[in-house]
Structures are given as structure tokens and as C-alpha cells.
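Undergrad: Build me a structure from this.
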Amino acid sequence: MSKLFSNFKIKDMDLKNRIVMAPMCMDSCNDEDGLANNWHFVHYSTRAIGGVGLIIVESTGIEPGGRITDKDLGIWSEEHVKKLSNIVNECHKYGAKIGIQINHAGRKSETLSYPIIAPSPIAFNEHYRLPNEMTKDDIKNTIILFKSAAKRSLAAGFDLLELHGAHGYLIGQFLSPLTNKRKDEYGGSNENRVRFLREIIDAVKTVWPQTKPLQLRVSAEDYAEGGNTAKDTATLINLIKDMGIDIVNVSSGGTVPASISTYPGYQICYSEIIKNQCNIATIAGGLITSPLMAEEILNNKRSDLVYLGRELLRNPYWTFTAASQLGESIKWPIQYERSNIVRKNGF
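TA: The predicted model follows:
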């Protein structure tokens, strides 16, 4: 059996394969209410029908002003839970597991109706607003919001919870010395810069069960002088992994404006560094399109799972193609079985 189509079990989550749909913002809420709608239902359930092992729902705001844009999903009310649970239940019907990424955008929020906050009053660039430096009360309140979002995620039935610490959003802003210039216990040393994340994990673990995996997404590289490198990020992860982080979803960039050279697999080496230095399960990705490439990553122990983003937007049924190329026989939806049979006459 290929590694890509072997199962992967962590805690009570048992994946039928190692293919992960990366969280990708759809900016498709009808208005500012952050409610999932028919687009989200079709978008995610289609990838479940297409055989993806683990689907991670896009960045979901813990409060209205914490979203990246006012078209993003939210999870600050019980009404959000109802809509999201419909997606969860439908994905489960087709054998997929599904997680949710909860997030606060911090200084990168473009929700103009709300003020923005950050560890330090530094704008992302000249086109973004200047954020307010977070007070201790702001920090405490935001931690409570993450906890409440985790509780609602559990109520919606998600199999996995991901804390978004990547791409220059609020958690990542605390982690990077480029965006965290605080002089108190939340800034300066590694131990101080990771404190906000540590307190979020502490709070989330009071409502998120031990039996379900807790995942952290990170930007391993800041791509800027004085910023975090993959080795720095591994050091930060080692300070908090024993608190209950089960998987690290490895991405890069977004902390500050930077020139990034991208190519197929450009982030895989970062996953490898974190996996080896932290002795923790990782998900790797970065312009992966080929099943053979995914197979190489997994067999060479560069990650435990692989995520696809753009490729699954282009082809929701990539998993079926990958199985064919790797010589795997997998179960197709009964409605599609006739297309899995190639007759001699071509019909």
C-alpha cells in the first residue's frame, strides 16, 4: 500500500488517508454575520465526496472584529454552530474527518467597522490601519474568546481544532520578534512571546476534550531579517507542545511584507525541521500537485500528512486520480462507481 493511502490515527481521529484539505478563506459569507451558507456546504462536502481524509475549515473568526474580512466565517454565536454542524455532518457521511481553524486576525483584520488590536502598535504596511496595542484586559478577553470558540467547535461536532498561529495573524504576531515589541511578560524572550499562545492553549484545553486532537498552524519562516526561522519556530513549539499540541500544520510567511520564492514543495523542509526537532506529527504542503511528490514526502518522513490547497480547488476529485496513479483501489461514492470502470470499448 502507498503511504499516502495508509490510515493515520491520532487520539480518536482515524483518517482513511493522509490527504488534507488546507484551510482556505472563501470570503463568501452573505453579509457581516459570518454564517456558513450553501456555498460553504457545497464547497466542503464536495471534497469529502472526493475522498479527502481530513478537511480543515477556513479561518473562522472568534469575534466579528477578529476576522480577516467581513465576509469570513465566524464562530462567536450559537447560530454559527448550527450552520457549521450541517457541514460537519455531511462530510462525515462520506468518511471524511473535519477540523476547524479558529483565528483572530489582529493587525491584519480588514473589518473596517471594528477597531484592530495587536501586541504592538505597528501597521502591517502603509495600506493597513495602525492597531491599538493590546492591554492586559484585551489579552484576557481574547483568550476567553478562543475558549468560547473551542467550546462551540466541539458542539458543532468537529473532529479536530486548529489554532491559527500562522500568516501574521494575532497569535503569530505575538510569536514573531518583528511584530512583538512589548516590554512586559508577553514580549522579548521566547518564553514571553509564546506566553499568549500558552494561555490560549490552557484555556482551550478546559473545554476541548483530551480525546480529540489539538493542532497548531505556524509560519515557520518570516522571510525577513530578525524574524523567526524554522529552527526558531521549532524552539517556540518545544516550549508549548507538552501542553497538548498533537499536530503542527506547517506553513510560512505573512508576518511582514516579504519577497518569497515559491516552487513545488518550497515549505517541506520547514516541516522536516519541526518534525525532527520537536518530535511531533506535522502536516506539510506548498504547491503540491503530484501524488508521487506526496508519496516521497511521507515515505522520507518529512511529514506525517500532506495538505493541498489550490490543487483541490482545481480538482475536488484529486484523491481519485492520485489513487489511480499510485495503483490503489479505493472506495468511490456509489453514484460515481460507473466512472471508475473503464471498459474495452471505451464506454
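Undergrad: what about D33, neighbour count?
TA: 15 (other Cβ atoms under 10 Å). In this view, the C-beta of every residue, glycine as well, is placed from N, C-alpha and C.
Undergrad: Without its sequence neighbours, what residue ends up closest to it?
TA: G74 (7.3 Å; Cβ to Cβ, 6 or more residues apart in numbering).
Undergrad: how about the one you found, what does it touch?
TA: Contacts for G74 (Cβ atoms under 8 Å, 6 or more residues apart in numbering) come out as C29, D33, G34, L35, T60, G61, I62, E63, P64, R67, H80.
Undergrad: Could you list which of those residues belong to strands?
TA: T60, G61 (DSSP state E).
Undergrad: Closest one of the contacts of G74 to P177?
TA: Nearest to P177 out of the contacts of G74 is I62 (Cβ to Cβ; 24.6 Å).
Undergrad: And the helices in this structure, which stretches?
TA: Assigned by DSSP state H, the chain shows helices spanning 38-49, 78-93, 136-155, 170-175, 190-193, 195-204, 230-240, 268-278, 291-299, 310-314, 318-325.
Undergrad: Could you identify which of the ones you listed is most buried?
TA: Highest mean neighbour count of these: helix 170-175, a mean of 27 (counted as mean count of other Cβ atoms under 10 Å).
Undergrad: Centre of the chain to it, how far?
TA: 15 Å (Cα atoms, centre = their mean, to the nearest Å).
Undergrad: CA atoms of it as CSV?
TA: C-alpha atoms of helix 170-175 as CSV (Å, rounded to 0.1, in the frame of the first residue of the first chain):
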residue,chain,number,x,y,z
LEU,A,170,-2.7,37.6,16.1
ILE,A,171,-1.1,34.5,17.6
GLY,A,172,1.7,34.7,15.1
GLN,A,173,2.1,38.5,15.8
PHE,A,174,2.9,37.6,19.4
LEU,A,175,5.3,34.8,18.3
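Undergrad: What is that helix packed up against?
TA: Applying 3 or more Cβ pairs under 8 Å, 6 or more residues apart in numbering; DSSP states H and E, we find helix 170-175 packed against strand 117-118, strand 160-165, helix 195-204, strand 214-219.
Undergrad: Name the residues that touch it?
TA: Identification of contacts with helix 170-175 by Cβ under 8 Å, 6+ apart yields 66, 103-107, 117-120, 142, 163-166, 179-180, 186-187, 193-197, 200, 218-219, 228, 233, 236, 254-255.
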